[in-house]
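*Asks:* Predicted model follows, preceded by the sequence.
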Amino acid sequence: MVRIVLGSDLAPERAADPALAQLLTQGRGSLAFLIGNPACRYRLLGGAIHWDRVLLAFEGEQALGFAALKHDGRGPFALHWRPFIREFGLISGWVRFAGFCLSELREWRYPFLLYGLRVSKAARQQGMGSALVQACCAHAAKLGFTQVELEVPLNNPRAKRLYLHNGFALRRKRWVPFPPVRGMWRGVP
Ligand SMILES: CC(C)(COP(=O)(O)OP(=O)(O)OC[C@H]1O[C@@H](n2cnc3c(N)ncnc32)[C@H](O)[C@@H]1OP(=O)(O)O)[C@@H](O)C(=O)NCCC(=O)NCCS
């Protein structure tokens, strides 16, 4: 039985479990050229997570998926330059940090963004992704938002299908080809 919990409602010792931060930093793979592989992303971003911007799907005690959210100018990751300098050195660290900040800023026009969604491989095709999307929409409605937006990579038809099946519609094609994503949106009651 799947249980979906807002990260900030977890007991502090549970949220401190490194496995949760490791799960979350598996996301943002499209920015690997800036923030590296999952192990590197964990070192860069895993230490400062905004748990009130994360819905976690648990089966028993094990977290098997998450939906990350961005609203009111705040996403799941706090922006700290120090880990970037530590990881990549002074120049490359600043360049990568600036690039990551720019990519984060780009999304601030969305009032409520489904920033990331991921289900562990072994738990896919069982409805967990849909349950997380539905929980995200219910959370947005509870906070008073009227719609949820997201950006789906053009090379991810599986995710696009999942969003279409959960009530999202495609936005018009963008004029700018980078980043290669398509906007989607859904009204929430
Ligand atoms: C995209 C992703 C989150 C989907 O998660 P998921 O848990 O597999 O999603 P669901 O199980 O709800 O839906 C997937 C399919 O399984 C089907 N399904 C759901 N419950 C099922 C069940 N009990 N038995 C069989 N099939 C089922 C759904 O109908 C759906 O089919 P569709 O693709 O034809 O619509 C997952 O593949 C993932 O983490 N991918 C990598 C990260 C990623 O791409 N994230 C999206 C970024 S925009």
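*Replies:* That came in fine, so what should we check first? Remember, it's a predicted structure, so these values are computed and weren't measured experimentally.
*Asks:* Could you say which helix or strand holds the residue of the chain found nearest the ligand?
*Replies:* The nearest approach of the chain to the ligand comes at Gly129, 2.5 Å away (C-beta to the nearest ligand atom). No exception for glycine: its C-beta is placed from N, CA and C like everyone else's. Taking DSSP states H and E as the criterion, Gly129 maps to helix 128-142.
*Asks:* Pull out the CA atoms of that helix and give them to me as CSV.
*Replies:* Listed next in CSV are the C-alpha coordinates belonging to helix 128-142 (Å, rounded to 0.1, in the frame of the first residue of the first chain):
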residue,chain,number,x,y,z
MET,A,128,2.9,5.2,-8.2
GLY,A,129,3.8,7.9,-10.7
SER,A,130,0.1,8.7,-11.2
ALA,A,131,-0.5,8.7,-7.5
LEU,A,132,2.3,11.2,-7.0
VAL,A,133,0.9,13.4,-9.8
GLN,A,134,-2.6,13.3,-8.3
ALA,A,135,-1.1,14.1,-4.8
CYS,A,136,0.8,17.1,-6.3
CYS,A,137,-2.5,18.5,-7.8
ALA,A,138,-4.4,18.0,-4.5
HIS,A,139,-1.5,19.7,-2.6
ALA,A,140,-1.6,22.7,-5.1
ALA,A,141,-5.4,23.0,-4.7
LYS,A,142,-5.0,22.8,-0.9
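*Asks:* Now do the contacts for the residue most central in space within the chain.
*Replies:* Nearest residue to the geometric centre of the chain (C-alpha atoms, centre = their mean): Gly116, 2.4 Å. Gly116 makes contact with 27-28, 66-68, 76 under the criterion C-beta atoms under 8 Å, 6 or more residues apart in numbering.
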